[in-house]
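In: Okay, sequence plus prediction incoming.
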Amino acid sequence: MERNPMRRQLAIMRQSLFDQGHVDEQFVQLEELQDDANPNFVEEVVTLYYRDSARIILNIEQALERKPFDFRKLDAYMHQFKGSSSSIGAKKVKAESTLFREYCKSGNGEGCMRSFQQLKKEYATLRKKLGAYFQLARQAGPVETASRPK
Amino acid sequence: MTVEQIGSEGKDQFPIGMRVLAVDDDPTCLLLLGTLLRRCQYHVTTTSQAKTALKMLRENKNKFDLVISDVHMPDMDGFKLLEHVGLEMDLPVIMLSANGDTKLVMKGITHGACDYLLKPVRIEELQNIWQHVVRRKKKDRCNSGSKDKPHPDSGEAAGIGNVDNNGKLNKKRKDQNEDEDDERDENGHDNEDPSAQKKPRVVWSVELHRKFVAAVNQLGIDKAVPKKILELMNVEKLTRENVASHLQKFRLYLKRISCVANQQANMAAALGTADSAYLRMGSLNGLGNFHTLAGSDQLHNAAFRSFPPSGVLGRLNTPAGLGIRGLPSPGTIQLGHVQNSGNPTNDLSKLQSFVPGNHNTNILQGMPMSLELDRLQHNKSVGHIGELPTTDSTTVFPGSGNLVDARITGFSNNPLLGVTSNSLMLEGSSQQATSHTSVSAIGFQNGNALSDFTSIAPASNQLQDSKAGSQGQASPINCNAGQIIRSAPQEWNAPRKDAPYQSHASINSSIPINSAMIQLGQCLDRNNSIFHRTTDLDSVGPLNFVDPLSIKHGEGDNSIMEPSVIEKEGYLMFQPRPHGSHVPDNIGSLEDLASAMMKQEGGCNGYSLRTSI
């Protein structure tokens, strides 16, 4: 099987992740940590992220069902979520978390709900894209650390 | 990773192999952090639980060189962990958070973090964290070498006033400790300073800490320097560095607890000290914090301040006015002195000190109180009152001193406390007060503590009756006061020449105390007059109440008590009842006072006051 087309495709995929703003520089950091000793490091971290953050998302959802909103709690959850999201370089998700927190701070329940919906969308989109990316990466064999998108 | 090189001489390889403990409840972040650190060639241990981290650290402090911890963690706040590590292990700690608020960062620094990183953390940042370890070691080494660790000392001094400094100091301390650790392994010879040499880490047991606190109290938190503390503590194998380090942490702790405590402490300190002790107490004020005297900061100051300047004070001093024959003018002076300390407590203590030796002075002692009362009015913390002259002579006061202290704490409500001291004789010994009771403090919580008096009355030889302390206006100060007082040697016990007298005095005091306390506060101004009066039994004129009191006073043990004593009491009681609390308002009616007091005391009836009135 030719790796080149696959690799090329992989590179394109990767590039689009950056170009579309789904991931940021932090993602590159993850990639750089991947080496022979840790060949699937990026995928591992992302998998861990989705597993752990699902819990937080659930908490937030539940909290949003209880009225009135406990903004302090919501903010705390989101702070946590934001931390992990930023660790993997999930750019859009992180931006949406920041917005959500702003709404929490100003006590804007409507804003929170809207923002959370958007956040979930981005979150899901990213997951899909990264999933496809990793799958291809595994197929393509060890991926050399590509040059930075910038 | 050259793990082997860690700890010992990994100097050449350092920072490779530096042992880091990473703590973060977020698994994603933790995995990332761990991987990043390993990439930097550190030796990494990760845990998602702060408690586990602490456990690991406690098991072996030397297992790690550096700790990196997240700020927001479910089982323990990152800052708490930071504090613990700083206090117990003295390792450099780096805080990590997705939140970069200035306030949070500041909090990290003030809690002693040597760095604050933002998530997501980059490898470049982690590559430099070893500098914190080195910096610390270097400081230790430098400090050690110079025998005299200027940093810790200066740091501590600075720390007191400056949170930031504290943070820095912590670092320094950590450095030093680390250095010490290193030294242990490597060269201890560098430093002749024994502290620099490997020393087993000192464990600050309860006993040791108590000694430490006592020493600091004695010196006054502002003046407590490690060297002196060390001397006072007189513990073998304790080095100045140990003390310095502990002091630094202690100061940080103090800072954190409310400043009300400070106020209270001040009061207690002021009250508790007898003579010199009192003075010291003042300095202890810092300690007061712990105790949380009733915080009548203001009182102290007020009271004290008033002394010197006010005519009242003058009155006191003047033998004539004082009536206290023996009144220790020096005592009064001291009072003034105290004020300067600025801490109310200090003042109080000073007050007490002045009394020393006045027998007759009882009144005098009371007098200062009145003065104080004026001031006290503002401050609840009557605490001063305790000061009452410790004069052993008749004045029961010495004991009162204690009471006062106690009261001071309690004062918050009643400035009277100060007043009571007269009767209470609290003055002398803050300790006494404590022993007695904190009487004041306890009893009085609302100024009505008079009830406490009752207890006093019965017995008392001891004016100490701290019972009088009951006047204690309510304050917890008692405890504190007690503490402070403790430091102040109280003559109170000793002086009593006449046991009966004493009791008498106490009784008197108790009663008056309550009322006095209450009133004192209120009447502060009046006090002056009253005060004045008390001193001169004869001159009692102006204060109506005073007279009666003085007279009756004797009823109990009166016999013993000298008229002056009586006066005191009368005077105390009379303090114009500013509050109107139990004691009938103003002095005008001694009777009222007496009754008021009696009521409060419950048992006070026995007191002559009533009768006398």
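Out: Noted; the coordinates are in hand.
In: Report the buried residues of the helix or strand containing B:K103.
Out: Assigning secondary structure by DSSP states H and E places B:K103 in helix B:102-110. Neighbour-count burial for helix B:102-110, counted by 16 or more other Cβ atoms under 10 Å in any protein chain shown, picks out B:L104, B:V105, B:K107, B:G108, B:I109, B:T110. All C-beta spots, glycine's among them, are computed from the backbone N, C-alpha and C.
In: Likewise for stretch B:113-125?
Out: B:A113, B:C114, B:D115, B:Y116, B:L117, B:L118, B:K119, B:P120, B:V121.
In: Tell me if the helix holding B:K103 is near chain A.
Out: No: against chain A, helix B:102-110 shows no contacts by Cβ under 8 Å from any Cβ of the partner chain, the least distance being 11.0 Å.
In: Show me the two of the buried residues of stretch B:113-125 that sit farthest apart.
Out: Greatest spacing in the buried residues of stretch B:113-125, by Cβ to Cβ: B:C114 and B:P120 (20.4 Å).
In: In JSON lines, list the buried residues of helix B:102-110 along with distance to B:N242 and pLDDT.
Out: Shown next, in JSON lines, are these (distance: Cβ to Cβ, whole Å; pLDDT from 0 to 100):
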{"residue": "B:L104", "distance to B:N242": "32", "pLDDT": "90"}
{"residue": "B:V105", "distance to B:N242": "30", "pLDDT": "93"}
{"residue": "B:K107", "distance to B:N242": "27", "pLDDT": "91"}
{"residue": "B:G108", "distance to B:N242": "26", "pLDDT": "91"}
{"residue": "B:I109", "distance to B:N242": "24", "pLDDT": "90"}
{"residue": "B:T110", "distance to B:N242": "23", "pLDDT": "90"}
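In: For A:L119, state which of those is nearest.
Out: B:L104 (23.3 Å).
In: and the closest residue to A:L126 other than its chain neighbours, what is it in contact with?
Out: Nearest non-adjacent residue to A:L126, counting by Cβ to Cβ, 6 or more residues apart in numbering or on different chains: A:H22, 5.2 Å away. By Cβ atoms under 8 Å, 6 or more residues apart in numbering or on different chains, the contact list for A:H22 reads A:A90, A:K91, A:K92, A:E122, A:T125, A:L126, A:K129.
In: Of those residues, select the buried ones using a ChimeraX command.
Out: ChimeraX command restricting the contacts of A:H22 to the buried ones, with burial defined by 16+ other Cβ under 10 Å:
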select /A:90,91,92,122,126,129
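In: Can I get the contacts of A:H22 in CSV including pLDDT and secondary structure?
Out: CSV is the format used below for the contacts of A:H22 (pLDDT from 0 to 100; DSSP: H, G, I helix; E, B strand; the rest coil):
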residue, pLDDT, secondary structure
A:A90, 93, strand
A:K91, 93, helix
A:K92, 95, helix
A:E122, 95, helix
A:T125, 94, helix
A:L126, 95, helix
A:K129, 95, helix
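In: Just name the closest of the contacts of A:H22 to B:V85, please.
Out: A:A90 (31.5 Å).
In: coming back round to it: for the helix holding B:K103, packing partners?
Out: Applying 3 or more Cβ pairs under 8 Å, 6 or more residues apart in numbering or on different chains; DSSP states H and E, one finds that helix B:102-110 contacts helix B:78-84, strand B:115-118, helix B:163-185.
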